[in-house]
Structure formats: structure tokens, C-alpha cells
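> Predicted model follows, preceded by the sequence.
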Amino acid sequence: MKGICKDEKEKVLKILKLLEEHYPNATTALRYENPFQLLVATILSAQCTDKRVNQVTQRLFEKYKAPEDFANLKPEVLENEIRECGLFKNKSRNIIESSRIILEKYAGRVPDKFEELVKLPGVGRKTANVILANAFGKHAFAVDTHVFRVSRRLGLSDGNDPLKVEKDLTMKIPKDCWNKAHHWLIYHGRRICTARKPNCENCFLKDFCRFWSEKSKT
DNA sequence: AACTCGGGGCA
DNA sequence: TGCCCAGAGTT
């Protein structure tokens, strides 16, 4: 853990401990052994809760399991299966097209490199990192809007773009709790550290929070 | 940088 | 009932 002073490291560990205490049931959802099924689930997760994605995919994967099952699906058929996840026209088209590319270009295997993953339709840097981390055990931390905002407010990162925040979190958070930390930060971002009116007064992290310390000095 | 997709969550 | 969103693509 080079490049980080001792105090900073201790601060990170205290924050993680508090998150764990307050959110013991933080879900580690969207974990599929099958990289392709994780890919489909992660594309579906845009602007949608993991809980709902899991409900939909549980049904979906009973009918369709592999790239070849999705590649020749009519878009309307898939749209109807995934409707509850929202944005279903885009997601349906992207899942089918990605399945075709995986079949034709990668012999049915989901690629395990960032540069290849982000070329797939419906896969951006967040989705790519979810797959790299959870399906291939790679060194990647997925940064969504909540992780981005909460990390910056807490002072875990001073980056102005997701890539910098991603690098900071990758460096500062011990790898064995990346998956939990990801969901803790998201959960905290929805419950307390919201985008508009964060409930700082009731936040158990305000002693460590840069946002609060600046906000509270009148 | 702003807009679009969209059903569901939540006040 | 209306606002907002656990991203990504397009203009």
C-alpha cells in the first residue's frame, strides 16, 4: 500500500468498519459464476436496483443461458422479459448485439480485458469493471454515480472523473472488501449521502467527512 | 454538455 | 402524482 500515509490508511479502515457495522446486510448482488450471465445482469443493472435485476434474471436464465440463446432472439421478445428493469429497448438491443459479437469474435467467451469489454454495446467503464472484478478476479473497482459522489465527499478521492476515483479506491481499499465496500457506498449514497439533500446531521461518518467539515463551518 | 431511454421506488 | 434514478449512447 505505497503512496498512502499511515493516518490516511487508518481513516479508510475506520470508515469501512463503520459502514460494515451500519450496513451488515449490504447485498453482494449480481454475482454469477457464469461471466456471460454476469454480463447480461450488469447491462440490465443500469438505472435499476440489483434486487430487481435478480428477480428478472432468475426468470430469464431459466429460458436463455448462453450467448447462442440470446443472439437470435427477436428484440421484442427480450424486451418483454426485461421490461421491469427499465430502459428495456436499449438493453434488449445491446444484450443481443453483445451476444452476437461474443459468439462471432470471441468464440462464445466473454473477453477478460477492459479494452475489449467496453467495445461491447451496453458496456461502459462501470459495467466493464464489475465484470473484470467479479467474473475474472481482476484488479478493478467499479465506480457508479453513488460511489463517485460518496467517495469524493468522504475525501477517499479528490478525482474529478471516475477514472481517478477508481484508481484512488483501488489503492486505498483493501482488495478483500472491494465487493462489500462497493455496495456499502452505494447503500450509503441512497440512504444518507444523497446527491441533493444529504442527511449529514444523522450521518455516522461525519467525523471523517470532508464535505461535512466544510459545510458545517458556517 | 445536454438529451434520451423507462419502469419502479419513494415522498 | 410527480420527481428521480445502482449508465451508456448519441448529437
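Great, that's in hand. Residues are numbered from 1 along each chain as shown, chains lettered A, B, ... in the order given.

> From now on I want contacts and neighbour counts done on CA atoms only, so please keep to that.
OK.

> near DNA strand C, which residues of chain A show up?
Contacts of chain A with DNA strand C, taken as Cα under 7 Å from any atom of the strand, map to A:27, A:43, A:45-51, A:87, A:118-128, A:144-146, A:183, A:186-187, A:189-190, A:195-196.

> Help me confirm that residue A:38 comes into contact with residue A:129.
No: using Cα atoms under 8 Å, residue A:38 is not in contact with residue A:129; the gap is 11.5 Å.

> helices and strands around the helix or strand hosting residue A:134, which ones?
Using DSSP states H and E, residue A:134 falls within helix A:125-136. Counting contacts by 3 or more Cα pairs under 8 Å, 6 or more residues apart in numbering; DSSP states H and E, helix A:125-136 packs against helix A:35-44, helix A:114-117.

> Mind doing that once more with 10 Å?
Packing partners of helix A:125-136 (3 or more Cα pairs under 10 Å, 6 or more residues apart in numbering; DSSP states H and E): helix A:35-44, helix A:114-117, helix A:162-172, helix A:178-191.

> tell me the angle that helix makes with helix A:162-172.
Helix A:125-136 and helix A:162-172 are oriented at 30 degrees to each other (axes from the mean of the first three to the mean of the last three Cα atoms, to 10 degrees).

> Please pull up the helix or strand immediately following helix A:125-136.
Next helix or strand after helix A:125-136 toward the C-terminus (DSSP H and E): helix A:145-154.

> right, is that following helix up against DNA strand B?
No: figure legend: helix A:145-154 not in contact with DNA strand B (Cα under 7 Å from any atom of the strand); closest approach 12.9 Å.

> Only the buried residues of that helix, if you could.
Neighbour-count burial for helix A:145-154 flags A:146, A:147, A:148, A:149, A:150, A:151, A:152, A:153, A:154 (criterion: 16 or more other Cα atoms under 10 Å).

> again with stretch A:160-175
Using 16+ other Cα under 10 Å as the test for burial, stretch A:160-175 gives A:162, A:163, A:165, A:166, A:168, A:169, A:170, A:171, A:172, A:173.

> circling back to that earlier point, could the buried residues of helix A:145-154 be laid out in JSON lines, adding distance to residue A:59 and pLDDT?
Listed next are the buried residues of helix A:145-154 as JSON lines, based on distance: Cα to Cα, whole Å; pLDDT from 0 to 100:
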{"residue": "A:146", "distance to residue A:59": "28", "pLDDT": "96"}
{"residue": "A:147", "distance to residue A:59": "29", "pLDDT": "96"}
{"residue": "A:148", "distance to residue A:59": "32", "pLDDT": "97"}
{"residue": "A:149", "distance to residue A:59": "33", "pLDDT": "97"}
{"residue": "A:150", "distance to residue A:59": "33", "pLDDT": "97"}
{"residue": "A:151", "distance to residue A:59": "35", "pLDDT": "97"}
{"residue": "A:152", "distance to residue A:59": "37", "pLDDT": "96"}
{"residue": "A:153", "distance to residue A:59": "38", "pLDDT": "96"}
{"residue": "A:154", "distance to residue A:59": "38", "pLDDT": "96"}
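
> Lovely, talk soon.
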